[in-house]
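Novice: Fold the following, please.
(2 chains)
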Protein chains: 2
Amino acid sequence: MVSWLDVYNVFSATVPLYVSMILGYLSTKHLNLFSLEQCAGINKFIAKFSIPLLSFQVISQNNPFTMSLRLILSDILQKILAAVVLAVVIRFWHPTGGRGGKLGWIITGLSVTVFPNTLIIGIPILSAIDGDAAKNILVQIVVLQCLIWSNILLFLFEINATWDLQSSGASIEHRVNDNEETDIEQEPIEEEEAIVRTRSSGTGKILLKGWRKFIVNPNTYAAMIGLIWATLHFRLGWKLPEMIDKSIHLISDGGLGMAMFSLGLFMASQSSIIACGTKMTIITMILKFILGPALMIASAFCIRLRGTLFRVTILQATLPQGIVPFVFAKEYNVNPEIVSTGVIFGMLVFLPITLAYYFVLDL
Amino acid sequence: MVSWLDVYNVFSATVPLYVSMILGYLSTKHLNLFSLEQCAGINKFIAKFSIPLLSFQVISQNNPFTMSLRLILSDILQKILAAVVLAVVIRFWHPTGGRGGKLGWIITGLSVTVFPNTLIIGIPILSAIDGDAAKNILVQIVVLQCLIWSNILLFLFEINATWDLQSSGASIEHRVNDNEETDIEQEPIEEEEAIVRTRSSGTGKILLKGWRKFIVNPNTYAAMIGLIWATLHFRLGWKLPEMIDKSIHLISDGGLGMAMFSLGLFMASQSSIIACGTKMTIITMILKFILGPALMIASAFCIRLRGTLFRVTILQATLPQGIVPFVFAKEYNVNPEIVSTGVIFGMLVFLPITLAYYFVLDL
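Specialist: This next block holds a predicted model:
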């Protein structure tokens, strides 16, 4: 039975996150404390230092030899199911507007449906319910996200960009004129790059490009080194020298608060919290809070997850959408306004939904 | 007897601070990761959010009813002695160059001599030697710094600015032409302000101006609210609600690492680590590492401090110079290059000096 203490714990874990986020939002939106360039500086610090070190710290404490194979399999199955469902839907219903063709829409659908914010939102909030057991499960999901899913997503974006250019070919200029909303200054550069890209396309090149992005992403590094270190630590008993451990903590300790602050800065920088319109917002929320968890429930049943593992796996699927897919969507300009709505609106409404799932799962 | 373990503890507390600082330095100086404006954003976040919340957190945990009267008295006595010594020296020897007249030089001397970086450097490093006992003593010194000394310093800067203008009067334009090193673009604004200032001078106005700076300084607020809360907590047993406590921690936890990172950014933004020249650097280091601790020893003897209280009070006087005086010196343009050298060069050389004092005090 869910106790009021559980609910209180969840709130007391959530409120500080929102306080940080609201501080970030107000400091830019109303106090004009930070210019856009200054926000970019804070975001860069978080993306290049705080979050990678936080990932390292979390992942290096996870024992890779006790990872649950069932959990990994259900996580993989959920992603495959989501890809199949989205592909079928897009086969028969192609949303109007947006860039990137059918693959683009599948990518956007996947970003919204199966990429919850496990590291920043999930660990503090779900740990408030199930303690270390939840943390242990979530860390495993973070490992999979950092090492596998973000990189597959990145490859999909690259493939989509290349396909898009191959199919549209010479019609690029035409589309530039049509699409009035896109940033005019950035377009010429993109166009040039596009012609570079069209010539050098091919699977090998795509893989090479994906690889290049992969190796400059500090978070991938952090996750990989974290996993290697965890292997050495839990197999051979190696310990991180105190000075290195403290150095990492000194910067990563602020990671959580800074990341939420930065999410607030990001919200303040958007023109609207539902930038993609009401209809698309409703679809996004259905994908996020119904399809995503439903597919996770289906996968968890198939793989026969039980108890805490079952509950936490479902609950993490109800968390608001992660920020990494938004960064990619913006970079490749594939429906960024939908993915940003997924992040912001999701963040504002997820708590009662997650708690509702929690109550239902407890029956 | 000082053990090797003590020395190891000090190093293990210091290395992480330097790692953060070096990351900040390298990220700007060599990697060009942050533009000047982006650094300003990071610094603003630290100055307006991280550090004030860190001050609050530290001060609110200090029991004001067990503050040591002897400690407070020796701290006050050291400041008075320093002011007297510097006034006597400046009476007979007026350094060439620089702005701000004799009072300006006294202010610079005080900044270098009696404003150690107790919050950021002192607490982690000296806690490594004497544990909670040291922390408890240092927090009391932080309270005095935040609530009394920074504000007195601010008043002195205001008085100096007004005196300076009254005495120079119409010769401002003349000096602008002489002083080629000053920023040309900023001069016209300063000149205008100067004429504003000359008209409205007088003690009342100075106090009003000081008061205005005082009430917009978030760190003063944080220290004051922290002290009030500590009074309520330790007298009436009030407890901070968990959500508020966690919200503060979420942002302040990163304060230390961020502050060191920001110090690194600051170092990278300076043209040289000894911007004021070799001779003045030597004088600065003598003031910082010989005069400051010597005056503290004299005061501690007068007030008869004993044991840990004596040792920690002396050791904190050997810490590198704090950042607040530099912020003021830059704002009022009173020998900022000397005060910046005090911060940077002091940070690079203080550790063996502090350890040497520690060994000697232990004999």
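Novice: Can you name the residue of chain A nearest chain B?
Specialist: Using C-beta to the nearest C-beta, residue A:254 is the residue of chain A that sits closest to chain B, at 1.2 Å. The C-beta positions use only the backbone N, C-alpha and C, and glycine is treated the same way.
Novice: The stretch 101-250 of chain A against chain B: which residues are in contact?
Specialist: Counting by C-beta under 8 Å from any C-beta of the partner chain, the residues of the stretch 101-250 of chain A lying close to chain B are A:242, A:243, A:246, A:247, A:249, A:250.
Novice: From these, pick the one nearest residue B:225.
Specialist: residue A:250 (25.7 Å; C-beta to C-beta).
Novice: mind listing what that closest one touches?
Specialist: By C-beta atoms under 8 Å, 6 or more residues apart in numbering or on different chains, the contact list for residue A:250 reads B:16, B:17, B:19, B:20, B:256, B:257, B:260.
Novice: any idea which helix or strand carries it?
Specialist: Following DSSP states H and E, one finds residue A:250 within helix A:242-252.
Novice: if we can go back for a sec, for the contacts of residue A:250, which two are the farthest from each other?
Specialist: B:19 and B:256, at 12.0 Å, using C-beta to C-beta across the contacts of residue A:250.
Novice: neighbour-wise, which of these two wins?
Specialist: residue B:256 (25 against 21; other C-beta atoms under 10 Å in any protein chain shown).
Novice: could you give me the average pLDDT of the helix or strand harbouring that one?
Specialist: Per DSSP H and E: residue B:256 is located in helix B:255-269. Averaging pLDDT along helix B:255-269 gives 86.
Novice: Contacts for that helix next, please.
Specialist: A:45, A:49, A:250-251, A:253-254, A:258, B:16-18, B:20-29, B:34, B:36, B:39, B:42-43, B:45-46, B:50-51, B:53-54, B:120, B:124, B:273, B:323, B:340, B:343-344, B:347.
Novice: Following the chain past that helix, name the next helix or strand.
Specialist: helix B:278-286.
Novice: which other residues reach that next one?
Specialist: Against helix B:278-286 from outside (C-beta under 8 Å, 6+ apart): B:95, B:112, B:274, B:276, B:338, B:341, B:342, B:345, B:346, B:349.
Novice: so the third one touches residue B:343, yeah?
Specialist: No: the pair residue B:274 / residue B:343 is not scored as a contact, 11.6 Å apart, by C-beta atoms under 8 Å.
Novice: Looking at these two, which one has more neighbours?
Specialist: Higher neighbour count among residue B:274 and residue B:343: residue B:343, with 23 against 18, using other C-beta under 10 Å.
Novice: low-confidence ranges in the stretch 201-350 of chain A?
Specialist: A:201-203, A:206-207, A:210, A:213-216 (pLDDT under 70).
Novice: Please, where are all the helices along the stretch 101-250 of chain A?
Specialist: A:101-114, A:123-130, A:132-144, A:150-168, A:172-178, A:187-199, A:203-216, A:218-236, A:242-252 (DSSP state H, counting those that start in this stretch).
Novice: Please list all residues in contact with the closest residue to residue A:147 other than its chain neighbours.
Specialist: Nearest residue to residue A:147, sequence neighbours excluded (C-beta to C-beta, 6 or more residues apart in numbering or on different chains): residue A:223, at 5.2 Å. Contacts of residue A:223 were listed using C-beta under 8 Å, 6+ apart, and they are A:55, A:56, A:59, A:142, A:143, A:146, A:147.
Novice: Against which helices or strands is whichever strand or helix holds the second one packed?
Specialist: Counting by DSSP H and E, the secondary-structure element that holds residue A:56 is helix A:51-60. Packed against helix A:51-60 by the contact rule (3 or more C-beta pairs under 8 Å, 6 or more residues apart in numbering or on different chains; DSSP states H and E) you find helix A:132-144, helix A:218-236, helix A:242-252, helix A:255-269.
Novice: deepest of those helices, which one?
Specialist: Stretch with highest mean neighbour count among those: helix A:255-269 (a mean of 24; mean count of other C-beta atoms under 10 Å in any protein chain shown).
Novice: That one: how far from the chain's middle?
Specialist: Distance, stretch centre to chain centre, for helix A:255-269: 14 Å (C-alpha atoms, centre = their mean, to the nearest Å).
Novice: CA atoms of that helix as CSV?
Specialist: Provided in CSV are the C-alpha atoms of helix A:255-269 (Å, rounded to 0.1, in the frame of the first residue of the first chain):
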residue,chain,number,x,y,z
GLY,A,255,25.4,18.8,-11.5
LEU,A,256,21.9,18.1,-10.5
GLY,A,257,21.0,21.6,-9.4
MET,A,258,22.8,23.2,-12.3
ALA,A,259,21.1,20.9,-14.8
MET,A,260,17.7,21.9,-13.5
PHE,A,261,18.7,25.5,-13.4
SER,A,262,19.8,25.1,-17.1
LEU,A,263,16.4,23.5,-17.9
GLY,A,264,14.8,26.7,-16.5
LEU,A,265,17.1,28.8,-18.6
PHE,A,266,16.1,26.7,-21.6
MET,A,267,12.3,27.2,-20.9
ALA,A,268,12.8,30.9,-20.6
SER,A,269,14.5,30.9,-24.0
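Novice: quick one: that helix to helix B:255-269, angle?
Specialist: 70 degrees (axes from the mean of the first three to the mean of the last three C-alpha atoms, to 10 degrees).
Novice: relative to helix A:242-252, how tilted is helix A:255-269?
Specialist: 20 degrees.
Novice: on that earlier part again, what are the phi and psi values for the residue of chain A closest to chain B?
Specialist: For residue A:254, the backbone dihedrals (degrees, to the nearest 10) come out as phi -90, psi 0.
Novice: quick one on the thing from earlier: quick one, which of the helices of the stretch 101-250 of chain A is nearest to residue A:354?
Specialist: Judging the helices of the stretch 101-250 of chain A by C-beta to C-beta, what sits closest to residue A:354 is helix A:123-130, at 7.5 Å.
Novice: Hey, what's the angle from the closest one to helix A:51-60? Just curious.
Specialist: 30 degrees.
Novice: Taking the contacts of residue A:223 together, which two end up most distant?
Specialist: Going by C-beta to C-beta, the pair spanning those furthest: A:56 and A:147, at 12.4 Å.
Novice: neighbour count winner among these two?
Specialist: Neighbour count, other C-beta under 10 Å: between residue A:56 and residue A:147, residue A:56 has more, with 24 against 16.
Novice: Using TSV, lay out the contacts of residue A:223 together with distance to residue A:290 and pLDDT.
Specialist: Formatted as TSV, those follow (distance: C-beta to C-beta, whole Å; pLDDT from 0 to 100):
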residue	distance to residue A:290	pLDDT
A:55	29	87
A:56	34	92
A:59	30	89
A:142	24	91
A:143	27	89
A:146	26	85
A:147	28	83
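Novice: Please convert those to CSV, extending it with distance to residue A:353.
Specialist: Formatted as CSV, the contacts of residue A:223 follow (distance: C-beta to C-beta, whole Å):
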residue, distance to residue A:353
A:55, 26
A:56, 31
A:59, 28
A:142, 21
A:143, 25
A:146, 25
A:147, 28
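Novice: list the contacts for residue A:225?
Specialist: Per C-beta under 8 Å, 6+ apart, neighbours of residue A:225: A:56, A:60.
Novice: typo on my end, residue A:95
Specialist: A:105, A:280.
Novice: Wait, a strand at it?
Specialist: No: assessed with DSSP: H, G, I helix; E, B strand; the rest coil, residue A:95 is coil; it does not lie in a strand.
Novice: Tell me the buried residues in the helix or strand containing residue A:328?
Specialist: Element membership of residue A:328 [criterion: DSSP H and E] is helix A:324-332. Within helix A:324-332, the residues that count as buried by 16 or more other C-beta atoms under 10 Å in any protein chain shown are A:324, A:325, A:326, A:327, A:328, A:329, A:332.
Novice: for those, which one is nearest residue A:104?
Specialist: Using C-beta to C-beta as the measure, the one of those that approaches residue A:104 most closely is residue A:332, at 8.6 Å.
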